[in-house]
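K.L.:
Sequence plus predicted model, see below.
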Amino acid sequence: MLIIRREQMAATFTPAPAIRWAALLTVLSLALGASALAQCTYIGEARIGDQRGLSLTLDSSSQAGLSLTVATQTSCSTSIVGRPDWITFGGSTTTFETVTINGTTIVNAQKRVLGLGSVKENLTATPRTATISVGGITFTITQAAGLSLISAASFQPTVAVGSISSVFGVNFSSAAETATSVPLPTSLAGANIQFTAFGGNPVLAPLFFVSPAQINFQMPPGLAAGIYRVAVLKGGTEIAVQDDQVIGAVAPGLFTFSQNGQGVPAAVALRVSSNNQQTTETIYQLEAPYRYTPKPIDLGPEGDRVFLVLFGTGIRGRSALSAVKVTIGGVDAMVGSAGEQGGFVGLDQVNALIPRSLIGRGDVNVVLTVDGQQANVTTINIR
């Protein structure tokens, strides 16, 4: 017979001691980290120039003096997450003091400051945004797109007072709009282009065309040659800027049929016969959609004079007619006139006599130089 004694039963069913909850919480706190149970309050502010807040909007230029300040309880994290390569900080300091930001105070706070921050110039045509977190505070820094400003004729980054120019970027407008009257408007599709000299007042440019990615305009004719800050405005707000833009008195550029500054110039041949009868002839042929090639120019019999009539921009500010040089196939061509075309805003015209010594040369380069500055090289054909 199996006998179970009472004392054995008592040992088997002895109730467990009461759980010590305070001790358990201490163990969990050590295991998980004190910050996991702490209630952290964060306050912060970013500063650069006159701007301050959790979000900053900057223009495309390089800038210095950026700082990020965060305060929280001493047991809370102030680790940094998200450092873009276009923003750098020169130092970080941590102090313990009472901090008040935007009306909120933390007594005996841990205060971390990232200072001596600098922002690189945005040379792209796209705005960029950085999100930087310091502890429980997230800062958003947005930098405007840089501008690509060029001559609308040569597609080179040299422009002149009164010349026809273009800027390229993104989000200039929500729709496309073309000017329909003269004088040209200074606002199309809600967009403007503004030029400001150091210490001067902003000047708006006359506009030909505005689209979300491109604006064609005339460089304000009343400007003096010099260095300007250029800004594209959308709804009155700057969305893209270019500092230190040089605007010259001249910046010769020739329009081309391909509309990229290369190939056959946008020009005509003006024939003056021996009896002074004048006729114009085309100098291009279209071999395929958007593929223009030089059409041979026949200089005709002895006694005929054939002028190459070139259309460009950035030429009207020449110092003198003698400062305008044209070579065709390396041979000097007599320049009869060079200046405003007169029928289209910003358009200039140069008339150059084609030397008869070029007969039979075929494709030859046309090189225009104004006050020592060379325009884009174009090509014609001489039969």
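P.N.:
Nice, I can see it.

K.L.:
What residue spans form the domains of this structure?
P.N.:
Domain segmentation of the chain under automatic domain parsing yields 43-145, 147-248, 253-382.

K.L.:
what's whichever strand in the chain runs longest packed up against?
P.N.:
Longest among the strand segments of the chain by residue count, using DSSP state E, is strand 104-119. Packing partners of strand 104-119 (3 or more CB pairs under 8 Å, 6 or more residues apart in numbering; DSSP states H and E): strand 43-48, strand 63-72, strand 87-88, strand 91-101. (C-beta placed from N, C-alpha, C; glycine too.)

K.L.:
which residues sit against the shortest one?
P.N.:
Think strand 87-88. The contact list for strand 87-88 (CB atoms under 8 Å, 6 or more residues apart in numbering) reads 66, 117, 118, 119, 120, 130, 132, 141.

K.L.:
ok, back up a step: in a markdown table: the helices and strands packed on strand 104-119, plus mean neighbour count, distance to residue 210 and mean pLDDT.
P.N.:
A markdown table is the format used below for these (neighbours: other CB atoms under 10 Å; distance: least, CB to CB, whole Å; pLDDT from 0 to 100):
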| stretch | mean neighbour count | distance to residue 210 | mean pLDDT |
| --- | --- | --- | --- |
| strand 43-48 | 20 | 30 | 95 |
| strand 63-72 | 21 | 28 | 95 |
| strand 87-88 | 17 | 31 | 94 |
| strand 91-101 | 13 | 42 | 95 |
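
K.L.:
Make CSV from those strands and add distance to residue 172 to it.
P.N.:
Below are the helices and strands packed on strand 104-119 laid out as CSV (distance: least, CB to CB, whole Å):
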stretch, distance to residue 172
strand 43-48, 25
strand 63-72, 23
strand 87-88, 25
strand 91-101, 37
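
K.L.:
Strand 43-48 and the longest strand of the chain, what's the angle between them?
P.N.:
30 degrees (axes from the mean of the first three to the mean of the last three CA atoms, to 10 degrees).

K.L.:
tell me which residues of strand 104-119 are tucked away?
P.N.:
By 16 or more other CB atoms under 10 Å, the buried positions in strand 104-119 come out as 106, 109, 110, 111, 112, 113, 114, 117, 119.

K.L.:
my guess is the fifth one meets residue 67, correct?
P.N.:
No: with contact taken as CB atoms under 8 Å, residue 112 and residue 67 are classed as non-touching, separated by 10.9 Å.

K.L.:
low-scoring stretches of this structure, by residue?
P.N.:
Along the chain, the parts satisfying pLDDT under 70 run over 1-38, 125.

K.L.:
and if we set it to 80?
P.N.:
Applying pLDDT under 80 to the chain picks out residues 1-38, 59-61, 123-126, 145-146, 170.

K.L.:
mind listing the helices for the protein?
P.N.:
Secondary structure of the chain (DSSP state H): helices at 6-12, 21-32, 34-37.

K.L.:
For burial, what's the neighbour tally of the residue nearest to residue 298 when sequence neighbours are not counted?
P.N.:
Closest residue to residue 298 apart from its sequence neighbours, by CB to CB, 6 or more residues apart in numbering: residue 383 at 4.8 Å. Close neighbours of residue 383, defined as other CB atoms under 10 Å, add up to 13.
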